[in-house]
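>>> Structural data only, the sequence is not supplied:
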């Protein structure tokens, strides 16, 4: 192990990627005398896993660009010993030793520790499908996986790719395969891609995937794989047989907890290692961080498996600080994430509507559509924000955004707002940097907060298209479309009454007498104006949140 001053603490870290690397670097900054060793199963430590699809696609040209910190840097700057191609075979908790195998020489040796950190990460979740062991079936979890896949594409002769799974890796791989000129089929067993978000927020991405000529098969499973010469035949539950050159399995990952299980550490309900807020396991000398552990969701309070690099690095720092005697706490995760497919970006933070329902937590929601910067400045792109908030005090519980430019900025603002327990009133009153090329006098976050605040104050009642769909046709309330005629020519909801907003006061008599009237426009703003007019003329009125934009996002039969 690394030489250190007499009496230094012996720390062994298992796993040298985000969590392990962050832990080692923080340990050294806090304790110059500690003896720190990293044992890594693979051939490389501290590389950018999230960049692998872009390396395969050629966006990242040089493999070295994925190396975040070289082993020599750990050695020379941090005085940390890095042992690549080493596998921990066993942990003896009583003796505080580990048994390590050098995979290059097959040599076994024993190492003692005062503190052990498990940063073992996750493994691809490979479904038990006949034929999935074919050499033309790939995963994309390690640099070696990326090397295999890029080599296949670089050598030529392949033109048809299938991807099993519509999560982050599946979406990013689809983009990069298209960049390389391949025809792409994306197979997802759920009725939507990106199951982390609510279904209607995935609908624009479904449409965009198809616009980019992705053969999207939702609610479809892969039953069997046959290998024929240099091709695969995929049998799908929709009855089709698909011939492709290779298959990428991107069906998610599971915590790598084998070492923890073997040595008797406690596992949580989701299968991850159970840790406290200091990232300590039930063994006081063993910590665990990253994809292998379960942590608390900050909004729902339920256990979760984030599988995200940012929380992993933070957990590594927390573990290091506690090993060094500091009282540092990891207080939970918002699972803030973002993914792009060409010009479309989807991001989320906090709890989704589905998660809030499952946890039995009360909430209200709103949809707003805003440009990412001033409309009069060239290049403005609209984003749709779904905001979830507490029905009494307005505390922000979650947010999801789909759009183009500027989504990243707003989701980060909303993530911080949720962490600080901010309310929709705080969002309404928030002060943000403004110049026409960066934003508007009322930022999309302000607009989302203002609309939600209007709902809580009772300035407007809102309705949702899914509610309208659930009402039998003969019992639905009258719906007034206050858009202009040209807008209705593009898309009009059957059965709605067209009264453009400027004509509304003159045509009140045309609105059927009913217990309740609903209004809608394109995005919700003119609907709000119409609702205020009608309410003050004696109507009980609801504005359909998100307008026709939200109608377009209704889940379609796939």
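That came in fine, so what should we check first? Predicted, not measured: the structure shown is a model, and the values here were computed from it. Numbering: from 1, shown residues only.

>>> For the closest residue to residue 433 other than its chain neighbours, which residues are in contact?
Excluding its sequence neighbours, the residue lying closest to residue 433 (Cβ to Cβ, 6 or more residues apart in numbering) is residue 439, at 6.7 Å. For glycine as for every other residue, the C-beta is placed from the backbone atoms N, C-alpha and C. Residues in contact with residue 439, defined by Cβ atoms under 8 Å, 6 or more residues apart in numbering, are 372, 373, 374, 406, 432, 433.

>>> Spit out the contact partners of residue 544.
462-465, 468, 479, 518-520, 524, 527, 550-551.

>>> try it again with 6 Å
463, 518, 520 (Cβ atoms under 6 Å, 6 or more residues apart in numbering).

>>> Buried residues, the helix or strand harbouring residue 314. List them.
According to DSSP states H and E, residue 314 maps onto helix 309-323. Buried residues in helix 309-323, defined by neighbour count with 16 or more other Cβ atoms under 10 Å: 309, 311-323.

>>> Same question for stretch 60-70.
Applying 16+ other Cβ under 10 Å to stretch 60-70 flags 60, 66, 67, 68, 69, 70 as buried.

>>> Check stretch 281-288 too.
Buried, per 16+ other Cβ under 10 Å, within stretch 281-288: 281, 283, 286, 287, 288.

>>> average model confidence for that stretch?
In this model, stretch 281-288 has a mean pLDDT of 98.

>>> before we move on, what about stretch 407-415?
Mean predicted confidence for stretch 407-415 is 98.

>>> Could you list the residues in contact with it?
334, 336, 338, 345, 347, 349, 383, 399, 401, 444, 445.

>>> Can you pull the poorly scored residue ranges out of the stretch 451-558 of the chain?
Residue ranges of the stretch 451-558 of the chain with pLDDT under 70: 557-558.

>>> just the strands in the stretch 401-550 of the chain please.
461-463, 479-481, 497-498, 517-520, 541-544 (DSSP state E, counting those that start in this stretch).

>>> thinking again about what came up before, any chance of the buried residues of helix 309-323 in TSV, plus pLDDT?
Formatted as TSV, those follow (pLDDT from 0 to 100):
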residue	pLDDT
309	94
311	97
312	97
313	96
314	97
315	98
316	98
317	98
318	98
319	98
320	98
321	98
322	98
323	98
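
>>> can you count the residues close to residue 335?
24 (other Cβ atoms under 10 Å).

>>> ditto for residue 155
8.

>>> Need phi/psi at it.
phi -80, psi -10 (degrees, to the nearest 10).

>>> So for it, what's the pLDDT?
93.

>>> Residue 247 contacts residue 137, doesn't it?
Yes. Under the criterion of Cβ atoms under 6 Å, residue 247 makes contact with residue 137 at 4.9 Å.

>>> more neighbours, those two?
Set side by side, residue 247 and residue 137 show more neighbours around residue 247, with 24 against 19, by other Cβ under 10 Å.

>>> for the record, mean pLDDT for the helix or strand containing the more buried one?
Assigned by DSSP H and E, residue 247 falls within strand 246-249. For strand 246-249, the mean pLDDT works out to 98.

>>> Just give the strands next to it in its sheet, each with its orientation.
Taking DSSP bridges as the criterion, strand 246-249 forms sheet pairs with strand 137-138 (parallel), strand 160-164 (parallel).

>>> Can you name the next helix or strand after it?
strand 253-255.

>>> which strands and helices sit next to the following helix or strand past that next one?
Sequence-wise, the next helix or strand downstream of strand 253-255 (DSSP H and E) is helix 258-262. Contact partners of helix 258-262 among helices and strands, from 3 or more Cβ pairs under 6 Å, 6 or more residues apart in numbering; DSSP states H and E: none.

>>> Need the mean per-residue confidence for helix 258-262.
For helix 258-262, the per-residue pLDDT averages 96.

>>> I figured residue 507 hits residue 499, correct?
Yes. Residue 507 is within contact range of residue 499, at 5.1 Å (criterion: Cβ under 6 Å).

>>> neighbour count winner among the two?
residue 499 (20 against 13).

>>> Could you pull up the residues touching the more buried one?
480, 507.

>>> Quick check: it vs residue 448, distance?
27 Å (Cβ to Cβ, to the nearest Å).

>>> What pairs with the helix or strand hosting residue 384, parallel or antiparallel?
Using DSSP H and E, the element containing residue 384 is strand 382-389. Using DSSP bridges, the strands paired with strand 382-389 are strand 364-371 (antiparallel), strand 396-403 (antiparallel).

>>> before we move on, back to that, neighbouring strands for the helix or strand just after the helix holding residue 314, and are they parallel or not?
Using DSSP H and E, the helix or strand that directly follows helix 309-323 along the chain is strand 337-341. In the sheet, strand 337-341 lines up against strand 344-350 (antiparallel) (DSSP bridges).

>>> ok, residues contacting the partner strand?
By Cβ under 6 Å, 6+ apart, strand 344-350 touches 197, 205, 208, 299, 334, 336, 338-339, 397-402, 407, 411, 414-415, 418.

>>> For it, what is the distance to the chain centroid?
7 Å (Cα atoms, centre = their mean, to the nearest Å).

>>> for stretch 222-241, same thing?
Centroid separation between stretch 222-241 and its chain, computed with Cα atoms, centre = their mean, is 29 Å.

>>> Going forward, count from 38.
Got it, first residue is 38 now, which makes that one stretch 259-278.

>>> avg pLDDT for it?
For stretch 259-278, mean pLDDT is 95.

>>> ok, now stretch 233-248?
97.

>>> can you tell me how far residue 573 sits from residue 410?
With Cβ to Cβ as the criterion, residue 573 and residue 410 are 34 Å apart.

>>> got it, and residue 250?
30 Å.

>>> Settle it for me: which of these two has more neighbours?
Shown here are residue 250 and residue 410; by other Cβ under 10 Å, residue 410 has more neighbours (22 against 10).

>>> The more buried one: what's it in contact with?
With contact taken as Cβ under 6 Å, 6+ apart, residue 410 is in contact with 417, 474, 475, 476.

>>> Kindly report the same for residue 53.
75, 77, 82.

>>> Could you rank those residues by neighbour count and give me the top one?
residue 75 (28 neighbours).
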